[in-house]
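Enquirer: Using only what follows, build the 3D model:
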Amino acid sequence: MRILFMGSPELAVPSFNAARATGRVVGVVTQPPKASGRGRKITPSPISREAAKWGITVMTPDTLRNPEIEVSLRNMEPDIIVVVAYGKILPANILTVPKLGCVNIHASLLPELRGAAPIQWALARGYRKTGVTLMQMDEGMDTGPILLQKATAIGPQETAGELGRRLARTGAELLHEGLPRLYRGELQPVDQDNDLATYAPLLTKADGLIEWSMSAEEIANRVRGFSPWPGTYTVWAGGRLLITRAQSREENHKTVHGTVVSTGPEGFQVSCGSGTLEVLAVKPEGKREMEAGEYLSGYHTEVGQILGQ
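Expert: Residues are numbered from 1 along each chain as shown. I've put the predicted structure just below:
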């Protein structure tokens, strides 16, 4: 089986290696090198670096709409294109390049959580279960027929970073199972029920701003779901205070939302729209991450002060 792989971040590497294990990867398409780190050094994508280890041809086009790109891809004569977190939408003409079409690994149980950030929003919305879908791609956004799915429970303290790494391994397992079966004609695509679709839009930094009128449970879910990016933060002492670990409590307080209602060795508690958020770890702007108790000993935070002002 001749496979063309499209992907970019570290989370796509397990799937790339699964593709190598199930067929011949004839080429890789990935995002162009980008500036990263404090020195803003131009760095190839993780998939580009992994492909280079195996001597596989790598393409880094700025756009897939260039006719020359289509010609190059057709010349590779792929049986199938595998897409995992590539970062660009495939135009209709690219979808017709391989004999068996294009398949995608999506980190949700479609039709739930279509879109760019299914892992983050699954946590932020309090899902107890999620999973991975191997789907046949069409021109829509995660709307194609389902080939295989695998569900998994979400850990009560699991962050988006942790869940993402776990689902990356699950996605690789689905590819390892599904690609040979698809090649042999053993998989029957199942259309999605569009009436059950939910959406997981692209995250922005603004999504991380805490609205203390939300429930403590909602805020705690966002702390997990938006870790490591964009983070969950409030305004305090003239800067941004990133809350990196927290848990919700059921106690309600008749105070302005965002009020510090207690402090102690383990951290501090803040009143919310319903319930109380127990803050366990923070990262002050320009400083390192620290336990909330340590933060209290070095920063002036007292009962009655109001965060977010």
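Enquirer: hmm, who's touching stretch 262-271?
Expert: With contacts defined as C-beta atoms under 8 Å, 6 or more residues apart in numbering, stretch 262-271 is touched by 212, 249, 251-253, 255-261, 276-281, 291-293, 295-296, 301-303, 307. Every residue, glycine included, has its C-beta placed from N, CA and C.
Enquirer: Among these, which lie within strands?
Expert: 249, 260-261, 276-281, 291 (DSSP state E).
Enquirer: Filter these down to just the buried residues.
Expert: When these are checked for burial by 16 or more other C-beta atoms under 10 Å, the buried set is 260, 276-281, 291.
Enquirer: Pick the one among those residues closest to Thr22.
Expert: The closest of those to Thr22 turns out to be Ala281 (C-beta to C-beta; 41.3 Å).
Enquirer: and the gap between the closest one and Leu109?
Expert: The gap separating Ala281 from Leu109 is 31 Å, by C-beta to C-beta, to the nearest Å.
Enquirer: Where does pLDDT dip in the stretch 201-309 of the chain?
Expert: For the stretch 201-309 of the chain, no stretch is flagged by pLDDT under 70.
Enquirer: what's the burial count for Gly55?
Expert: 6 (other C-beta atoms under 10 Å).
Enquirer: do Thr63 as well
Expert: Here the number of neighbours of Thr63 (other C-beta under 10 Å) works out to 8.
Enquirer: quick one, what contacts it?
Expert: Applying C-beta under 8 Å, 6+ apart to Thr63 gives the contacts 69, 88.
Enquirer: quick one: it and Ile69, what's the gap?
Expert: Going from Thr63 to Ile69 by C-beta to C-beta gives 8 Å.
Enquirer: again with Val261
Expert: Taking C-beta to C-beta, one finds Val261 at 58 Å from Ile69.
Enquirer: with the ones in strands among the contacts of stretch 262-271 in mind, which one is nearest to Ala12?
Expert: Ala281 (29.4 Å).
Enquirer: Stretch 284-292: which residues count as buried?
Expert: For stretch 284-292, by 16+ other C-beta under 10 Å, it's 284, 290-292.
Enquirer: residues near the nearest residue to Leu202 once chain neighbours are set aside, how many?
Expert: In space, Leu202 comes closest to Ala116 once its chain neighbours are excluded; the distance is 4.1 Å by C-beta to C-beta, 6 or more residues apart in numbering. Taking other C-beta under 10 Å as the criterion, the count of residues near Ala116 is 15.
Enquirer: how close does the nearest residue to Leu280 once chain neighbours are set aside get to Val270?
Expert: Counting by C-beta to C-beta, 6+ apart, Arg245 is the residue found nearest to Leu280 once chain neighbours are left out, at 4.4 Å. Noted for Arg245: a distance of 14 Å to Val270, by C-beta to C-beta.
Enquirer: shared neighbours of those two, which are they?
Expert: Residues touching both Arg245 and Val270 (C-beta under 8 Å, 6+ apart): Val279.
Enquirer: Which residue of those two possesses the greater neighbour count?
Expert: Val270 (28 against 20).
Enquirer: Could you pull out the helices in the stretch 151-300 of the chain for me?
Expert: Under the criterion DSSP state H, counting those that start in this stretch, helices of the stretch 151-300 of the chain are mapped to 160-183, 216-225, 292-298.
Enquirer: between those, which one is nearest to Met135?
Expert: Met135 lies closest to helix 160-183 among the helices of the stretch 151-300 of the chain, at 10.0 Å (C-beta to C-beta).
Enquirer: ok now do Thr198, which residues does it touch?
Expert: Residues in contact with Thr198 (C-beta under 8 Å, 6+ apart) are 111-114.
Enquirer: Return the backbone torsion pair for Lys150.
Expert: The phi/psi pair for Lys150 (degrees, to the nearest 10) reads phi -140, psi 130.
Enquirer: mind listing what it touches?
Expert: By C-beta under 8 Å, 6+ apart, the residues touching Lys150 are 131-132, 170, 173-174.
Enquirer: List of residues touching stretch 40-53?
Expert: Residues outside stretch 40-53 that contact it (C-beta under 8 Å, 6+ apart): 5, 7-10, 12-13, 16-17, 25, 28, 30-31, 33-37, 57-58, 60.
Enquirer: And the protein, what are its domain boundaries?
Expert: Structurally, the chain divides into domains by automatic domain parsing as follows: 2-196, 205-298.
Enquirer: distance between the shortest one and the chain's centre?
Expert: When you say that, I think you mean domain 205-298. Here domain 205-298 shows a centroid-to-chain-centroid distance of 22 Å under the convention C-alpha atoms, centre = their mean, to the nearest Å.
Enquirer: Quick one: end-to-end length of that domain, please.
Expert: One end of domain 205-298 sits 27 Å from the other (C-alpha to C-alpha, to the nearest Å).
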